[in-house]
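# Predicted model and sequence below, questions to follow.
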Amino acid sequence: MQTSELSAAELAEIERKYDPETAFRSTGPQLAFAVSFLLVAMSVYHFYAAGFALIPELMHRGIHISFVLSLVFILFGWRKAPATDMAPPAWWRFQGVPYLDLLWSLLAVAAAMYLPLLPPEIVAQRVGNPSQLDIFMGTALLLLTLEAARRSIGPTLPIIGIVFILFAIFGPYAPGALKHGGTSWLGLINHLYMTNQGIYGIAIGVMAKYVFLFILFGVLATRIGLGQLFIDLAMVIAGRYAGGPAKVAIFSSAFMGTISGSSIANTVTTGALTIPAMKKVGYPSHFAAAVEATSSTGGQITPPILGAAAFIMVEYLEIPLRDVLAAALFPALLHYFGIFIMVHLEAKRLGLRGLSAAEMPKLGLVLKQHWLSVIPLIILVYMILSGRTPDYAAVYGIIACVVVGLLNPVNRLTLIDLWNALASGAKNTLAVGAAAAVVGIVVGVVTLTGVGFRLGYVVVQTATDMGAVIGSIWPFSFASVAQWSLFLSLVLIAMSCIIMGAGIPTTATYIILVAVAAPALAAQQVQPIVAHFFVFYYGVLADITPPVALAAYAAAGIAGSNPFQTGNTAFRLGIAKALVPFVFVYSPSLLLVADGFTWPAFFVTLAGAMMGIASLGVAFSGYLLTPLHRWERWWIAAVSMLFIAPGLKTMAVAVVLMAPVLYLQFARRRSETAVV
């Protein structure tokens, strides 16, 4: 398989362009070494804290925030600058970094560590009655957190944070059900800074305790060759079949998703190889880019990493990580199944070839060179499935990566490599750490004002009113008002998730929307784990939904295709991700661990979902055995909804309704064969 025509530097610039989390600025050599030292110290500290130390919760979170904010102000500029050019010398800059940014960096450390360094009994006494210094430090940390997030992930999330702050203060002037008594600045800082309900809350706690370690594990696992093993195995499995490179993209992205939860990073890593290969065998540029982008977003829903959302669910739902991973397994497989169907049909429609033997790696050689690299992943999964805590499993996974790296002669891990990997792993957590701190602000305002239940009430009431109107119209009256209310609540929440997910990290979207959606779905008798997965899936969908489809735009940069066309195609390819959440709301058995799980219900739901997704893929592709007429595509699309609706009766009706189209397809195929 030929490599990409783009150089490594060009690929890095594409990732930097579409992923603000990687837009680091250049610094002088002395400052660069100091930053590298701090990044390695950050990795070593988190590893030590998870595996060998008992550090108080507030202290651990304070240290994590200190590292994150101080490094963000050094590595991210006021505005994004070219990646390779250090700012010219000036009296107000030190090796490319303004002295003011260095001052903000030091102030962030002071504000973040001020509270943890106070005696616990003093902190307890001041909650509800903070001192002037408490207010100053809390205000400083609040403002610096918003600015750090703006620099590292863009303005959207900080603006949301500011809106929530204003809502907390000006609550008496809010409209309708959103109206509340309001709070003073002192009361706001007291809640967001002096308690564990704000900046030091669950979001930053999960980042410090779990997410950092798993991101570091992913970086080390990739460095020792696990990523290359996944790509090579995908080529061996799927490369020879029709449209082989596109199927390689699906399998490699699915494999890569087990160690990385970043959509854009996955897109650039695997897309550098698969997108040029897809174009070479005949796929249009926009389609090739869309396949890679849609496949790569699956990394955030693929066990065992799941981005950071899995660990947030563990804390919120108070269930073992293995239950979350079990629930995520089959919905993730359905996502990849949907992409595979459309890719296969597109290859058949276009008459595309697979890869030749010369273009594919040899299985024996692949396993011989890289088999050691899979050991850390096996250890990680084994630890999780045996009931160990996520941080314990991650520590042993990291140790295994280092040991394998030192022993493996093919991808030997030198001390310099280890240093760079530790620095890279920490650097990859900075943006998500800043986002988590802002999410803490939003969640803190939600708990302070009770707006989550208020918005949930608004959603349910709106859906109920709409359901009453729709349910009174024939033929929609076949469903009750309660059924319409649930369906419309899901639609409204799904739309909110997609809009909220435009331009902000998936985990931040998930945490914010859960605070609003969970009460609304709970009012509709939806189980908590189902509600959490529903919100999470639609937050991920934003990465391939125009107008802000960042993963699709990054893939378009590699393919040289139109970004908006690529985003539209990616959304079409990822339609399964938009349908599956509705499936497991109406049939929670698909999540394996939901209440009321039964194997018969699971198999019926899975079979129906697969047939429905396959039917929808046929409708979108316009091809089954032969090209479809327009009316046939619309007919199949309508019938696919019956397959997806869980139940044997609806499946039986769908099979009967699908039979005429299948008959016509077979007849047309025989006719074409006879002519030939």
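Great, that's in hand.
# Now G452: which helix or strand?
Per DSSP states H and E: G452 is located in helix 451-471.
# same deal with N568?
Going by DSSP H and E, N568 is part of helix 563-573.
# Kindly state the pLDDT recorded for L100?
Residue-level confidence at L100 comes out at 96, pLDDT.
# Give me the contact list for the helix or strand hosting it.
In this structure, L100 sits in helix 99-117 according to DSSP H and E. Residues from elsewhere that reach helix 99-117 (CB atoms under 8 Å, 6 or more residues apart in numbering): 56, 58-59, 61-63, 65-66, 69-71, 73-74, 77-78, 92-94, 123, 133-134, 137-138, 140-141, 144, 147-148, 193-194, 200. (Glycine included, C-beta is placed from N, CA and C.)
# now do stretch 366-380
217, 220-221, 224-226, 228-229, 232-233, 236, 258-259, 304, 393-394, 396-398, 400-401, 404, 407-408, 410-411.
# If any of those are buried, put those into a PyMOL selection.
Buried subset of these, written as a PyMOL selection, criterion 16 or more other CB atoms under 10 Å:
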select buried, resi 217+220+221+224+225+226+228+229+232+233+236+258+259+304+393+394+396+397+398+400+401+404+408+411
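# how close does the nearest residue to N408 once chain neighbours are set aside get to A667?
Closest residue in space to N408, ignoring its immediate chain neighbours: L372 at 4.7 Å, by CB to CB, 6 or more residues apart in numbering. Per CB to CB, to the nearest Å, L372 is found 54 Å from A667.
# List the buried residues of stretch 123-138.
By neighbour count on 16+ other CB under 10 Å, the buried set for stretch 123-138 is V123, R126, P130, D134, I135, M137, G138.
# The second one: what's it in contact with?
Remark: with contacts taken as CB under 8 Å, 6+ apart, R126 is in contact with D134, M194.
# The fifth one too?
Contacts here follow CB under 8 Å, 6+ apart; on that basis I135 touches W185, L186, I189.
# domains of this protein?
8-203, 204-431, 598-676 (automatic domain parsing).
# Output the below-cut-off pLDDT ranges for the stretch 301-450 of the chain.
Residue ranges of the stretch 301-450 of the chain with pLDDT under 70: 307.
# what's the answer for the stretch 501-650 of the chain, then?
501-503, 547-548.
# hang on, the earlier thing: residues near the residue nearest to N408, how many?
21 (other CB atoms under 10 Å).
# any idea how far it is from V403?
10 Å.
# how deep is the nearest residue to G574 once chain neighbours are set aside tucked in, by neighbour count?
The spatially closest residue to G574, leaving aside those adjacent along the chain, is T294, at 4.4 Å (CB to CB, 6+ apart). By other CB under 10 Å, the residues close to T294 number 36.
# And the host helix or strand of A327, how far out from the chain middle?
Taking DSSP H and E as the definition, A327 sits inside helix 321-350. Mean-position distance between helix 321-350 and its chain equals 16 Å (CA atoms, centre = their mean, to the nearest Å).
# Which parts of it count as buried, going by neighbours?
Within helix 321-350, judged by 16+ other CB under 10 Å, the buried ones are 321-325, 327-350.
# Check stretch 536-548 too.
F536, Y537, Y538, G539, V540, L541, A542, D543, I544, T545, P546, V548.
# how about those residues, which pair is most distant?
F536 and P546 (20.6 Å; CB to CB).
# residues contacting V97?
Contacts for V97 (CB under 8 Å, 6+ apart) come out as R25, T27, L31, I74.
# measure it to R151 for me?
In terms of CB to CB, V97 sits 12 Å off from R151.
# do G187 as well
From G187 to R151 the distance is 28 Å (CB to CB).
# likewise L352?
Separation of L352 from R151 (CB to CB) stands at 44 Å.
# More neighbours: these two, which one.
Under the criterion of other CB under 10 Å, the comparison of L352 against R151 puts R151 first, with 25 against 19.
# hang on, the earlier thing: out of the contacts of helix 99-117, which are buried?
Neighbour-count burial (16+ other CB under 10 Å) applied to the contacts of helix 99-117 gives 58, 61-63, 65-66, 69-71, 73-74, 77, 93-94, 123, 134, 137-138, 140-141, 144, 147-148, 193-194, 200.
# Inside strands: which ones of these?
Among the buried ones among the contacts of helix 99-117, the members found in strands (DSSP state E) are R93, F94.
# what pLDDT does the spatially closest residue to D134 that is not a sequence neighbour get?
Nearest non-adjacent residue to D134, counting by CB to CB, 6+ apart: R126, 5.9 Å away. For R126, the pLDDT comes out at 90.
# how much space between R126 and I398?
Here the criterion is CB to CB. By it, R126 lies 38 Å from I398.
# hmm, back to that, narrow the contacts of helix 99-117 to those in helices?
Judged by DSSP state H, the contacts of helix 99-117 include 58-59, 61-63, 65-66, 69-71, 73-74, 123, 133-134, 137-138, 140-141, 144, 147-148, 193 as members of helices.
# Three-state assignment for the residue nearest the centre of the chain, please.
The centroid of the chain falls nearest to Q300 when counting by CA atoms, centre = their mean (3.9 Å). Using DSSP: H, G, I helix; E, B strand; the rest coil, the structure places Q300 in helix.
# Would you agree it is in contact with G257?
Yes. If you go by CB atoms under 8 Å, Q300 and G257 touch, sitting 7.4 Å apart.
# L38 contacts V68, doesn't it?
No. Between L38 and V68 there is no contact under CB under 8 Å: 10.9 Å.
# Which of these two has more residues huddled nearby?
V68 (30 against 16).
# Quick check: nearest residue in space to M194, chain neighbours excluded?
V127 (4.9 Å).
# any idea which of the contacts of V97 has the most stuff around it?
Comparing the contacts of V97 by number of neighbours (other CB under 10 Å), I74 comes first, having 23 neighbours.
# Next, count neighbours for F76.
By the criterion of other CB under 10 Å, F76 has 26 neighbours.
# Just confirm it contacts R151, I think it does.
Yes. Counting by CB under 8 Å, F76 touches R151, with 3.9 Å between them.
# Among the contacts of stretch 366-380, which ones are in helices?
Among those, the members falling in helices (DSSP H) are 217, 220-221, 226, 228-229, 232-233, 236, 393-394, 396-398, 400-401, 404, 407.
# Return the closest of the contacts of I135 with respect to G574.
I189 (41.9 Å).
# Just give the closest residue to the closest one, not the sequence neighbours.
Closest to I189 by CB to CB, 6+ apart is G138, at 3.9 Å.
# ok, now which ones touch that neighbour?
By CB under 8 Å, 6+ apart, the contact set of G138 is A111, P130, I189, N190, L192, Y193, M194.
# Nearest to T464 among these?
If you rank those by distance to T464 using CB to CB, L192 comes first, at 33.8 Å.
# what about that closest one, how many neighbours?
Number of residues near L192 (other CB under 10 Å) recorded here: 28.
# so which helix or strand takes in the residue nearest to it when sequence neighbours are not counted?
Of all residues not flanking L192 in the chain, G198 sits nearest, at 3.2 Å (CB to CB, 6+ apart). Using DSSP H and E, G198 is not contained in any helix or strand.
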